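*Asks:* structure, please.
(2 chains)
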Amino acid sequence: MREFQGRVVTPGEVTAEAIVTTQGFNTLASLQMPLQFGDKEVKCSDQNNEELHGKPLIGKALCLPQTIGSTTGGLVLYCACALEKNPACMLFANHIDSLAAAGAVLADVWVEKVTMPVVDCLGDEFLQYVKDGMTITVKENGVVQVND
Amino acid sequence: MILTPEQQAIYDGSKGETMAKVMKTLVMYGDAFEAEKLVPITSKHNHLVTSFGLKVMAPVYDLMQQILDAGVASGQTFSVDPRPLDKNVPANFLQNLVFRKFMYTKQDFYEDQLNKLGLMDKDAFSCTCYMDEMGNKPQKGEVLSWAESSAVVYANSVLGARCNRNSGIIDIMGSIVGYVPYFGLLTDEGRKATWVVRVQTTKKPEAQLLGSAIGLKVMEDVPYVFGLDQWIGKELNDAACAYLKDFGAATASNGAVGLYHIDHLTPEAVEQGEALIAEGAREYIIDDAELARVQANYPVIWKNPDAKPKLCFVGCPHLSLEQLKDWTVKIEAELKKNGVSKVVIPTVLTAAPKVLEAFNKTEYAARLKAAGVITSYICPLMYMNNPLCKTMPVITSSNKLRTYTSARYYTDQEILCAITNGGK
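*Replies:* Numbering: from 1, shown residues only, chains lettered A, B, ... in the order given. Modelled structure (predicted):
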């Protein structure tokens, strides 16, 4: 088990299975299609992301460098949370980007029952270490435990 | 973040619970970037990214309704991204059924909300609101609360305005309180380039391919591009602006670029030159081989990669008036060369409603129609983003459309060849 200290963007505690992308996560390309067409597993629909394409995202600990793409990204993430189709948490190796931050904050302020902890600044080593299927525990203080 | 007494009072609820939540959202958003303050929005109009009444976006419309019910709508009028549907664009019975009875069932409801929230006018639907015809062109140095990645990168880079890559909903919330958090591309430091890009191609690079390569490489960083002025000149004329519009859209969709500087061309590069380059900036050299490598790596997800295209979209982001004229001339010339009178693949050129209105007053409109080409104000991305279109072989010269849908990317010349002789 290894621990990584990050910065809390939106707080919370959760334990979930890791799913990892080492390239930018395109929120619109990944989520809009499964949300729109009722995919219960919310399988990633971004054909440009070989690591995630076709894999379920709901309830997973999504480990990523940052999000990219359309500025609808934040509101798509907000909708995923409001519809309870969101990842269990989002763990950023880099500093969070403006779109992901918007989605996380909108969900935190405007969706009452959501709990999607978001932690950033976990470092490149975090993304090099974590692999799909590992168990991740996020603590309230931004500590991320990775159990292999 | 340090708030002024007026901002703090709003945060504490002096203007009601909904306004307090809007302010709290902006403060938390700014805190994520260590913003020390909120600064006033100085542009005349706002621009919103959410133009579509998708059923799945119900939480967005619920939130907008809370804002309307609380009577806290913005004092700023706004334009918004293109409408998702247009009966002029070819669609079969099943597609029409899915569009109108399943996907965009909230379109009328949402457009009614937009009108109440401050839509500029009934034709204010385009991703290129900054076109002269559309009337939402910010001035250099103005502070914006815009969303729409292609519009934000254009406003920052070509017009010299200051705007972060705001998400939908954040865009209107900034406008409602009249302030945005001061961080990133609003600051002088945040506008410095952390990448130096050297264009060393032997011919003018395709705007959408060059933008894609840079976006994929630099992600959300700011690139300073050398060597492009030799191909598009040192003057921000119609042709250069159209090139930069398409280039920027690709940097923003294939990556997350919100600002670029072009040596000797874009306003801040002209004023400050290499002083805009941050210490320790990384370097990326782009030659013919690099562009070929990038294009070869685009996935082809058509069920049959050799299928005959059934539709072609050009104009994501929307075309300018000069681009519409230019496409008309080029299509006519290629048709003549191939000995045919009309395009052989249904082809849709998209542009802003008021740009189309201006185009329709020119002689080119009838010529384009005679060539069998359709014009539309639609958002091709919203048209394509469903499983029915996923199985349909669509071609495009838009790298943004390629990124989000199953549409296959070709260069402008390849598109011309395909639509006039089937690509033979």
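
*Asks:* need the residues of the stretch 51-200 of chain B near chain A, please.
*Replies:* B:54-60, B:62-63, B:103, B:147-149, B:152, B:164-171, B:184 (C-beta under 8 Å from any C-beta of the partner chain). Where C-beta positions appear, they are placed from N, C-alpha and C, glycine not excepted.

*Asks:* so which of the residues you listed sit within helices?
*Replies:* Per DSSP state H, helices hold the following members of those: B:58-60, B:62-63, B:149, B:152, B:170-171.

*Asks:* among the residues you listed, name the buried ones.
*Replies:* Among those, those classed as buried by 16 or more other C-beta atoms under 10 Å in any protein chain shown are B:59-60, B:63, B:149, B:152, B:170-171.

*Asks:* want to try CSV for the residues you listed, with pLDDT and distance to residue A:17 as columns?
*Replies:* CSV is the format used below for those (pLDDT from 0 to 100; distance: C-beta to C-beta, whole Å):
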residue, pLDDT, distance to residue A:17
B:59, 95, 26
B:60, 95, 29
B:63, 96, 31
B:149, 95, 31
B:152, 98, 35
B:170, 97, 30
B:171, 97, 34
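
*Asks:* of these, which is the nearest to chain A?
*Replies:* residue B:59 (3.5 Å; C-beta to the nearest C-beta).

*Asks:* all helices for chain A, in order.
*Replies:* A:27-36, A:73-82, A:98-110, A:124-129.

*Asks:* how far off centre is stretch A:65-76?
*Replies:* 11 Å (C-alpha atoms, centre = their mean, to the nearest Å).

*Asks:* can you get me the start-to-end distance on that stretch?
*Replies:* Length of stretch A:65-76, first residue to last, C-alpha to C-alpha, to the nearest Å: 18 Å.

*Asks:* is it anywhere near chain B?
*Replies:* Yes. Remark: stretch A:65-76 sits within contact range of chain B at A:65-75, by C-beta under 8 Å from any C-beta.

*Asks:* ok, the spatially closest residue to residue B:208 that is not a sequence neighbour to chain A distance?
*Replies:* Nearest residue to residue B:208 in three dimensions, chain neighbours excluded: residue B:399, at 4.1 Å (C-beta to C-beta, 6 or more residues apart in numbering or on different chains). Residue B:399 sits 11 Å away from chain A, taking C-beta to the nearest C-beta, to the nearest Å as the criterion.

*Asks:* pLDDT score assigned to residue B:399?
*Replies:* We have a pLDDT of 94 for residue B:399.

*Asks:* ditto for the one 4 residues further on
*Replies:* According to the per-residue confidence, residue B:403 scores 90 in pLDDT.

*Asks:* now do the contacts for it.
*Replies:* Taking C-beta atoms under 8 Å, 6 or more residues apart in numbering or on different chains, we find residue B:403 in contact with A:26, A:29, A:48, A:69, B:253-254.

*Asks:* between those, which has the most around it?
*Replies:* Most neighbours among the contacts of residue B:403, by other C-beta atoms under 10 Å in any protein chain shown: residue B:253, with 32 neighbours.

*Asks:* okay, the residues of stretch A:65-76 next to chain B in JSON lines with pLDDT next?
*Replies:* Converted to JSON lines, these look like this (pLDDT from 0 to 100):
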{"residue": "A:65", "pLDDT": "96"}
{"residue": "A:66", "pLDDT": "93"}
{"residue": "A:67", "pLDDT": "93"}
{"residue": "A:68", "pLDDT": "91"}
{"residue": "A:69", "pLDDT": "83"}
{"residue": "A:70", "pLDDT": "87"}
{"residue": "A:71", "pLDDT": "91"}
{"residue": "A:72", "pLDDT": "92"}
{"residue": "A:73", "pLDDT": "93"}
{"residue": "A:74", "pLDDT": "95"}
{"residue": "A:75", "pLDDT": "93"}
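
*Asks:* chain B: which of the residues you listed is nearest?
*Replies:* Of those, the one sitting nearest to chain B (C-beta to the nearest C-beta) turns out to be residue A:74, at 2.5 Å.

*Asks:* pull the contacting residues for that closest one.
*Replies:* Residue A:74 touches A:27, A:98-103, A:106, B:166-170, counting by C-beta under 8 Å, 6+ apart.

*Asks:* returning to what we had before: need the ones in helices among the residues of the stretch 51-200 of chain B next to chain A in a markdown table (columns: distance to residue A:88).
*Replies:* What follows is those, written out as a markdown table (distance: C-beta to C-beta, whole Å):
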| residue | distance to residue A:88 |
| --- | --- |
| B:58 | 23 |
| B:59 | 19 |
| B:60 | 23 |
| B:62 | 24 |
| B:63 | 23 |
| B:149 | 27 |
| B:152 | 30 |
| B:170 | 24 |
| B:171 | 28 |
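
*Asks:* let me know the closest of those residues to residue B:99.
*Replies:* The shortest gap between residue B:99 and any of these belongs to residue B:58, at 17.3 Å (C-beta to C-beta).

*Asks:* all strands of the chain, in order?
*Replies:* Because you didn't say which chain, this covers chain A. A:2-5, A:7-10, A:14-20, A:25-26, A:61-64, A:67-68, A:89-92, A:118-120, A:135-138, A:143-147 (DSSP state E).

*Asks:* meant chain B actually
*Replies:* Going by DSSP E, chain B shows strands at B:38-40, B:46-48, B:78-80, B:179-181, B:193-199, B:223-226, B:261-262, B:277-286, B:311-319, B:347-351, B:374-376, B:394-396, B:408-409.

*Asks:* quick one: closest of these to residue B:296.
*Replies:* Of the strands of chain B, nearest to residue B:296 by C-beta to C-beta is strand B:408-409, at 11.2 Å.

*Asks:* please save the CA atoms from stretch B:392-403 in CSV.
*Replies:* Only the C-alpha atoms of stretch B:392-403 are listed here, as CSV (Å, rounded to 0.1, in the frame of the first residue of the first chain):
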residue,chain,number,x,y,z
MET,B,392,-23.3,6.5,-40.5
PRO,B,393,-20.1,7.3,-42.5
VAL,B,394,-19.7,11.0,-42.2
ILE,B,395,-16.7,13.0,-43.4
THR,B,396,-15.5,16.4,-42.2
SER,B,397,-12.6,18.8,-42.2
SER,B,398,-13.3,19.7,-38.6
ASN,B,399,-11.0,18.2,-36.0
LYS,B,400,-13.4,19.2,-33.3
LEU,B,401,-16.2,17.2,-34.9
ARG,B,402,-13.8,14.3,-35.4
THR,B,403,-12.9,14.3,-31.7
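
*Asks:* work out the gap between it and the centre of the chain.
*Replies:* Going by C-alpha atoms, centre = their mean, where stretch B:392-403 is centred and where its chain is centred differ by 14 Å.

*Asks:* let's check: the centremost residue of chain B is which one?
*Replies:* residue B:150 (2.9 Å; C-alpha atoms, centre = their mean).

*Asks:* residue in chain B nearest to chain A?
*Replies:* Relative to chain A, the nearest point of chain B is residue B:167 (2.5 Å; C-beta to the nearest C-beta).

*Asks:* how about that residue, nearest residue that isn't a chain neighbour?
*Replies:* The nearest residue in space to residue B:167 (C-beta to C-beta, 6+ apart) is residue A:74, at 2.5 Å.

*Asks:* same thing with residue B:294?
*Replies:* residue B:213 (4.5 Å).

*Asks:* same deal with residue B:99?
*Replies:* residue B:85 (5.8 Å).

*Asks:* hmm, back to that, how close does the residue nearest to residue B:167 sit to residue B:258?
*Replies:* Applying C-beta to C-beta, to the nearest Å, the value for residue A:74 to residue B:258 is 14 Å.

*Asks:* just residue B:199 next, same as before
*Replies:* In terms of C-beta to C-beta, residue B:199 sits 20 Å off from residue B:258.
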